[in-house]
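**Student:** Requesting a structural model of the entry that follows:
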Amino acid sequence: MADRPPSKGLAVLGGAPPTRSGAATSSGRTATGAATGTAKRGQTARTAGGTALDPLAQELILKYRLKFGEAAATVAGQEAITKEVLQYMLVLPTRPAKTRDTDLAHLEDRIRTRLLGGTPSKNSLAAAKRGQGADEWLQMVEYDQALGAARQRQEEVAVRNRQSTLRQQLEAQMEEHERQRQQERAQEEAYWREEQAQLRKAEEEEEARRRLQAEIMLKLKQERVQQMQERVNKREAALSRRRAEEALEASRTAYDTAEELRREEASRVSAKLALREFLSGNEANRALKEAEKKRQWEEDAAFQRKWEAILNKQEADRREQLERIKRVQDRLQEAADRQGEARRRWLETPLVERYFKQREDERAAEEERRVARQKEVAKQVTQAVAGQLREREAARMKMKQEEEAYAASVAAKVRAAEEAEKARKAALQEQKLKFRQEIEAQLRDAAMRRREAAKPMTETERRLNARTLQQVATWQSTGRLSLPDLTGASAHAALGGATSPTALSTGGARAAAAAH
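**Tutor:** Down below sits the predicted model:
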């Protein structure tokens with residue numbers, strides 16, 4: 001509902017229209033008193049009667065005093081300017097902001113009329129008729145302005161509602177975008193954590209494979225060292241057996257030699273006994289025989305002692321050699337027992353060599369098979385690692401492609417946003433230009449209305465604008481505006497169907513301003 005106007009006719013702009021009797025109404029004094037009551041709340045200036053002025057009123061008074069110069073230098077001129085300005089300030093809160101220039105122009109015209117000649121209270125029938133006509137046209141303009149202001153407020157409310165709805169939609173879209181962004185970030189973090197876990201697992205498996213390979217190599221080295229040690233031990237054992245056999249052969253040779261010496265000794269004893277028997281019959285030779293016998297016995301005793309010493313020495317050497325052979329054989333037996341092999345203590349050398357070569361061939365074949373198995377395992381491990389590396393590279397390339405696609409989409413969105421911003425700025429510039437053209441058109445219409453305002457309304461125009469005048473009277477008496485549908489063909493009916501050029505131009509300008 002629009003505000004109710006304070007008065008009718010020219011009193012809206014601070015001056016009452018003349019009557020038929022030529023007497024001015026008391027609205028001027030009433031307005032002055034109201035303006036005085038309002039202006040007492042000011043803080044900056046006072047009138048000649050002690051009334052406080054509003055800063056805007058003070059500025060307008062000073063402006064018009066400077067503009068009219070000598071005409072405003074007198075006390076009467078200053079009071080006239082102050083009175084008109086205060087009347088204008090009284091009705092200013094009820095006036096639309098868009099009519100300020102027109103109101104100030106009317107205010108300046110009234111001040112010029114009062115200072116430079118003529119009076120709005122001229123006692124003539126023509127002046128009364130002209131004032132009445134101007135008042136009716138002004139009433140229609142006031143009604144159109146109030147109707148335009150009401151429409152503008154309605155549209156502002158509708159715009160605010162649309163803006164609120166759009167803001168809510170944009171906030172919902174931003175929340176949805178933020179939720180999607182958070183979800184994408186969570187998915188990316190989950191994918192990154194999964195990839196990191198897979199990388200750690202792959203590194204752990206690689207480390208386990210390296211440790212296994214190192215253990216296998218260490219085991220191979222130990223087995224190789226053990227095999228070399230076994231070969232050395234076998235060579236030492238064979239050499240020991242050979243030496244033992246040689247020692248045994250030497251002891252056997254010594255034993256055979258001793259036996260041969262014993263046989264020779266026995267044959268010598270038999271020969272001596274036969275000689276002794278042969279010489280026993282010869283008494284002459286008995287003494288000689290005895291001497292020879294004694295010498296023979298001494299030689300035999302010396303030879304026996306010598307041979308006994310030799311035999312004792314050979315026996316000691318043989319026993320020592322046997323002890324050494326026994327110790328070596330014990331060590332070999334213990335080594336054979338540790339290896340889980342039951343070997344004969346004494347074997348022929350070709351047989352030993354054949355068994356040794358057979359065993360070495362079996363070990364070599366087993367070693368080749370083991371190396372082949374290790375190579376196969378290493379090949380499988382290498383293939384598995386290569387497959388994992390290919391999968392990792394494929395995942396990295398896929399991630400890179402996704403990142404490039406996301407960057408391209410972001411760049412496209414940025415370009416689209418920049419283009420939309422350019423389009424919005426261009427539309428805003430175009431809208432500003434259009435608004436400026438409309439303002440200029442309104443200013444031209446206002447100038448035309450000021451020229452047409454001095455023309456009185458004829459009876460024909462009053463009959464044609466009867467409906468609008470009736471709506472104006474209803475608005476002035478009740479303060480209510482009948483707001484019809486603001487769209488389509490009803491806009492013309494809302495203006496009251498005015499056919500005067502002034503009314504048509506005023507309604508068109510107001511409708512354009514309300515549309516903006």
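**Student:** Determine the longest helix present in the chain.
**Tutor:** Of all the elements of type helix in the chain, the one with the most residues (DSSP state H) is helix 125-280.
**Student:** What is the subsequent helix or strand relative to that one?
**Tutor:** Scanning forward in sequence from helix 125-280 by DSSP states H and E, the next helix or strand is helix 286-338.
**Student:** for the record, mean pLDDT for that following helix?
**Tutor:** Helix 286-338 shows a mean pLDDT of 78.
**Student:** per-domain residue ranges of this protein.
**Tutor:** Residue ranges for the structural domains of the chain, counted by automatic domain parsing, are given in the record as 1-123, 197-376.
**Student:** could I get those domains as JSON lines with distance to Gln471 and mean neighbour count?
**Tutor:** Any C-beta I mention is one placed from the backbone N, CA and C, and that applies to glycine too. Supplementary listing: the domains of the chain in JSON lines, determined by distance: least, CB to CB, whole Å; neighbours: other CB atoms under 10 Å:
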{"stretch": "domain 1-123", "distance to Gln471": "12", "mean neighbour count": "17"}
{"stretch": "domain 197-376", "distance to Gln471": "81", "mean neighbour count": "12"}
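**Student:** Show me the one of the ones you listed that comes nearest Arg467.
**Tutor:** When those are compared for distance to Arg467 using CB to CB, the nearest one is domain 1-123, at 18.2 Å.
**Student:** State the mean pLDDT of that closest one.
**Tutor:** pLDDT averaged over domain 1-123 gives 63.
**Student:** Tabulate the domains of the chain in TSV, adding columns for distance to Glu155.
**Tutor:** Putting the domains of the chain into TSV (distance: least, CB to CB, whole Å) gives the following:
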stretch	distance to Glu155
domain 1-123	14
domain 197-376	61
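**Student:** Ok, which of these comes nearest Arg162?
**Tutor:** Across those, the minimum distance to Arg162, taken as CB to CB, is reached by domain 1-123, at 22.7 Å.
**Student:** Enumerate the residue intervals of the stretch 301-450 of the chain where per-residue confidence is below the cut-off.
**Tutor:** Judged by pLDDT under 70, the stretch 301-450 of the chain has its weakly predicted residues at 336-352.
**Student:** Spell out the residue ranges of the helices in it.
**Tutor:** For the stretch 301-450 of the chain, the helices defined by DSSP state H, counting those that start in this stretch cover 349-453.
**Student:** that older thread, how far away from the center of its chain is the longest helix of the chain?
**Tutor:** Using CA atoms, centre = their mean, to the nearest Å, the mean C-alpha position of helix 125-280 is found 27 Å from that of the whole chain.
**Student:** what packs against it?
**Tutor:** Contacts of helix 125-280 with other secondary structure elements, assessed using 3 or more CB pairs under 8 Å, 6 or more residues apart in numbering; DSSP states H and E, are made with helix 286-338, helix 349-453, helix 466-478, helix 501-515.
**Student:** Report the separation between the residue nearest the centre of the chain and Leu199.
**Tutor:** Averaging the C-alpha coordinates of the chain gives a centre point, and the residue nearest to it by CA atoms, centre = their mean is Arg185 (6.5 Å). Distance of Arg185 to Leu199, given as CB to CB, to the nearest Å: 20 Å.
**Student:** how deep is Leu138 tucked in, by neighbour count?
**Tutor:** 22 (other CB atoms under 10 Å).
**Student:** Just the pLDDT at it, thanks.
**Tutor:** We have a pLDDT of 74 for Leu138.
**Student:** hmm, back to that, wait, which of the domains of the chain is closest to Lys425?
**Tutor:** With respect to Lys425, and counting by CB to CB, the nearest of the domains of the chain is domain 1-123 at 26.3 Å.
**Student:** And the helices in the stretch 1-150 of the chain?
**Tutor:** Secondary structure of the stretch 1-150 of the chain (DSSP H, counting those that start in this stretch): helices located at 27-39, 55-68, 75-91, 100-116, 125-280.
**Student:** quick one: which of the ones you listed is nearest Ala386?
**Tutor:** Each of the helices of the stretch 1-150 of the chain was scored for nearness to Ala386 using CB to CB, and the closest is helix 125-280 (12.1 Å).
**Student:** thinking again about what came up before, quick one, which of the domains of the chain is nearest to Glu419?
**Tutor:** domain 1-123 (35.5 Å).
**Student:** so which of the domains of the chain comes closest to Leu147?
**Tutor:** Distances from Leu147 to each of the domains of the chain were compared by CB to CB, and the smallest falls on domain 1-123, at 7.8 Å.
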